[in-house]
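A.B. asks: What follows is a predicted protein model with its sequence.
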Amino acid sequence: MAQAYDYIIIGAGSAGCVLANRLSEDPNTSVLVLEYGGSDRSIFIQMPTALSIPMNMPKFNWGYESQPEPYLDNRRMNCPRGKVLGGSSSINGMVYVRGHAMDYDQWEEQGAKDWGYRHCLPYFKKAEDWAFGSDDYRSQQGPLSVNNGNNMQNPLYRAFIEAGAQAGYMKTDDYNGRQQEGFGRMHMTVKNGVRWSTANAYLKPALQRPNLRVITNALTRQILLEGKKSVGVEFEQAGRVQTVQANREVLLSAGPIASPQLLQVSGIGPADVLNEAGIAVKHELPGVGQNLQDHLELYFQFRCKQPITLNGKLDLWSKFLIGLRWILTKKGLGATNHFESCGFVRSRAGVKWPDIQFHFLPAAMRYDGNAAFDGHGFQVHVGHNKPQSRGTIRAQSPNVKDKPKIIFNYLQQQEDIEVFRACVRLTREIIAQKAMDPYRDSEIQPGEAIQSDEEIDAFVRGAVESAYHPSCACRMGEDDGAVVDSKTRVHGIDNLRVVDSSIFPVILNGNLNSPTIMLAERTADIIKGKGMLEPSDAAVALGEDWEIKQRSTSAN
């Protein structure tokens with residue numbers, strides 16, 4: 001192994017794989033990627049319908065867990081993160097959501113210069129290969145395949161969209177285009193029936209380049225500093241500790257939990273946190289591990305009158321047949337994540353852009369893939385996407401193997417509690433529409449008895465789950481609390497950047513894999529010093545009379 005590389009990328013996840021591909025495009029640039037996980041060749045990773053399996057396997061999942069959450073009845077919350085080539089893009093639900101355009105303008109308002117929507121949209125387009133053509137918002141030129149899976153063959157998907165329209169909401173032909181708000185088909189990162197992780201889309205096509213080296217099963221122990229300059233990385237592989245030098249930069253893409261922890265164990269972070277953990281302070285940076293955010297969601301579950309749901313396919317023989325068809329043809333129920341329709345709505349009048357998201361699933365099941373009850377059912381995942389509560393990540397020792405202390409403070413803020421009340425009531429109203437009459441039977445969860453604010457609040461505290469979107473604990477900005485600047489460089493440390501969802505200033509209205517890929521695409525151009533893509537002037541639609549209406553045909 002060469003002892004020096006121009007760039008050392010820590011983590012082969014959603015951002016790291018993008019950086020590895022784009023930086024190694026220059027044959028005169030040497031790139032090393034260090035990944036603690038191993039191969040992604042498992043059928044459970046590559047077959048989209050098997051998504052619940054790798055997410056629950058220690059081989060592929062770091063297995064983080066929060067501290068007892070004080071506003072969720074002291075429950076410890078599961079926080080899975082990918083430990084494999086492709087990172088979390090190899091174990092996630094493959095849902096492709098960019099977020100609302102106003103989310104990125106909010107980033108810029110909070111100090112992330114030139115990260116407004118007009119600057120980000122061209123990089124979403126650069127990344128994607130959209131199955132339904134190109135326009136001002138979509139492209140077919142990128143490596144990331146995006147489509148709708150099985151094209152909503154189950155009638156429940158279209159019934160859910162129609163129910164949203166009957167409840168007074170808009171329909172949207174493309175929630176990742178001009179108009180996010182409304183109900184429509186959902187998009188996923190699947191190509192020819194296979195999970196299209198960043199390992200498949202970006203890393204593997206670049207592995208043939210002689211200037212790119214990937215080392216797996218390599219645990220980064222710390223970032224090496226000389227004064228206020230990053231000079232390399234110390235890592236461990238098979239019990240052997242090694243060091244490698246970075247001639248240009250170290251790029252930290254370890255993810256929203258590991259990146260702040262690794263900064264802290266390297267001596268970069270709040271002095272009180274480092275002192276308490278027994279870590280020598282090399283560079284005090286108060287924002288490291290602060291501003292932690294995540295999405296929560298509820299599962300609304302209903303019995304279904306017709307035997308058309310996936311609950312009829314959860315026995316071992318049916319799973320075998322689905323898997324066999326996928327192995328032979330890459331088609332059928334094995335080729336989709338089953339989230340094929342969705343909705344984005346505003347919780348109340350006066351909210352400018354959506355803050356509630358729906359994922360529809362034609363089954364009633366748990367996240368481990370097992371049935372929630374006997375018989376047929378369907379469920380709606382609903383959550384508040386613009387939470388106000390903030391948490392922290394704190395290293396507990398100088399040893400990176402000691403998992404950090406994570407606390408999200410979910411539902412700390414009253415506004416978050418009130419939006420979840422809206423989630424419950426609005427979901428019931430949507431499912432009660434005529435379009436669902438042929439399918440809707442009794443409500444299993446929460447159950448019709450849960451009605452008052454107090455009853456809803458108690459149910460939410462006990463039943464809400466993470467949507468697995470931790471982010472923002474190394475936020476981008478120019479103020480004293482920011483960790484990186486608008487070019488993703490760590491404040492006060494030369495030759496060190498953080499490039500992953502930990503640097504988002506504020507969480508987005510949607511799933512985070514697509515924005516992370518966009519972030520890495522744009523940062524790669526920044527690092528290479530090449531001209532940035534021309535900003536877009538594509539129009540953005542907001543809800544009609546949003547100041548006074550909660551939905552398009554209601555003055556509520």
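C.D. replies: Looks like it arrived, so ask away. Numbers count the residues shown, from 1 in each chain.

A.B. asks: where along the stretch 51-200 of the chain do the strands fall?
C.D. replies: For the stretch 51-200 of the chain, the strands defined by DSSP state E, counting those that start in this stretch cover 64-65, 78-79, 128-130, 144-146, 182-185, 190-191, 194-195.

A.B. asks: So for S89, which of those strands sits nearest?
C.D. replies: When the strands of the stretch 51-200 of the chain are compared by CB to CB, strand 194-195 sits nearest S89, at 8.2 Å. Every residue, glycine included, has its C-beta placed from N, CA and C.

A.B. asks: avg pLDDT for the closest one?
C.D. replies: Strand 194-195 comes out with an average pLDDT of 98.

A.B. asks: Likewise for stretch 170-190?
C.D. replies: The model assigns stretch 170-190 a mean pLDDT of 97.

A.B. asks: Also stretch 247-261?
C.D. replies: Mean predicted confidence for stretch 247-261 is 98.

A.B. asks: One more: stretch 232-242?
C.D. replies: Stretch 232-242 shows a mean pLDDT of 96 in the predicted model.

A.B. asks: Next secondary structure after the longest helix anywhere in the chain?
C.D. replies: Taking DSSP state H as the criterion, the chain has its longest helix at helix 414-431. Sequence order places strand 440-445 as the next helix or strand after helix 414-431, per DSSP states H and E.

A.B. asks: Can you list the neighbours in contact with that following strand?
C.D. replies: 299-305, 364, 372-373, 377, 428, 431-432, 448, 463 (CB atoms under 8 Å, 6 or more residues apart in numbering).

A.B. asks: which one among the residues you listed gets closest to V97?
C.D. replies: Among the contacts of strand 440-445, and counting by CB to CB, the member closest to V97 is Y299, at 18.4 Å.

A.B. asks: Can you name the residues bridging to that closest one?
C.D. replies: H381 (DSSP bridges).

A.B. asks: How about the contacts made by A364?
C.D. replies: Shown in contact with A364 (CB under 8 Å, 6+ apart): 301-304, 309, 311, 371-373, 376-379, 444.

A.B. asks: any idea how far it lies from L310?
C.D. replies: From A364 across to L310, the span is 9 Å (CB to CB, to the nearest Å).

A.B. asks: Wait, D26 touches K530, no?
C.D. replies: No - with contact defined as CB atoms under 8 Å, D26 does not reach K530; the gap is 9.8 Å.

A.B. asks: Comparing those two, which residue is more hemmed in?
C.D. replies: Between D26 and K530, D26 has the larger neighbour count (other CB atoms under 10 Å), namely 14 against 10.

A.B. asks: What's the mean pLDDT across stretch 338-345?
C.D. replies: Computed over stretch 338-345, the average pLDDT equals 97.

A.B. asks: Likewise for stretch 25-35?
C.D. replies: pLDDT averaged over stretch 25-35 gives 98.

A.B. asks: Any idea how far that stretch is from the middle of the chain?
C.D. replies: Centroid separation for stretch 25-35 versus its chain: 25 Å, with CA atoms, centre = their mean, to the nearest Å.

A.B. asks: same check, this time on stretch 312-326
C.D. replies: 28 Å.

A.B. asks: where does the chain have low pLDDT?
C.D. replies: For the chain, residues meeting the criterion pLDDT under 70 lie at 1-2, 367-369, 371, 553-556.

A.B. asks: Could you pull out the helices in it for me?
C.D. replies: Under DSSP H, the chain gives helices at 16-23, 43-46, 101-109, 117-127, 155-166, 198, 204-206, 258-265, 271-277, 316-329, 414-431, 453-463, 513-528.

A.B. asks: can you put those helices in JSON lines and add distance to R551 and mean neighbour count?
C.D. replies: As requested, those are exported to JSON lines (distance: least, CB to CB, whole Å; neighbours: other CB atoms under 10 Å):
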{"stretch": "helix 16-23", "distance to R551": "37", "mean neighbour count": "28"}
{"stretch": "helix 43-46", "distance to R551": "39", "mean neighbour count": "20"}
{"stretch": "helix 101-109", "distance to R551": "18", "mean neighbour count": "21"}
{"stretch": "helix 117-127", "distance to R551": "23", "mean neighbour count": "22"}
{"stretch": "helix 155-166", "distance to R551": "9", "mean neighbour count": "21"}
{"stretch": "helix 198", "distance to R551": "36", "mean neighbour count": "32"}
{"stretch": "helix 204-206", "distance to R551": "44", "mean neighbour count": "16"}
{"stretch": "helix 258-265", "distance to R551": "39", "mean neighbour count": "28"}
{"stretch": "helix 271-277", "distance to R551": "44", "mean neighbour count": "17"}
{"stretch": "helix 316-329", "distance to R551": "38", "mean neighbour count": "13"}
{"stretch": "helix 414-431", "distance to R551": "9", "mean neighbour count": "19"}
{"stretch": "helix 453-463", "distance to R551": "20", "mean neighbour count": "15"}
{"stretch": "helix 513-528", "distance to R551": "26", "mean neighbour count": "24"}
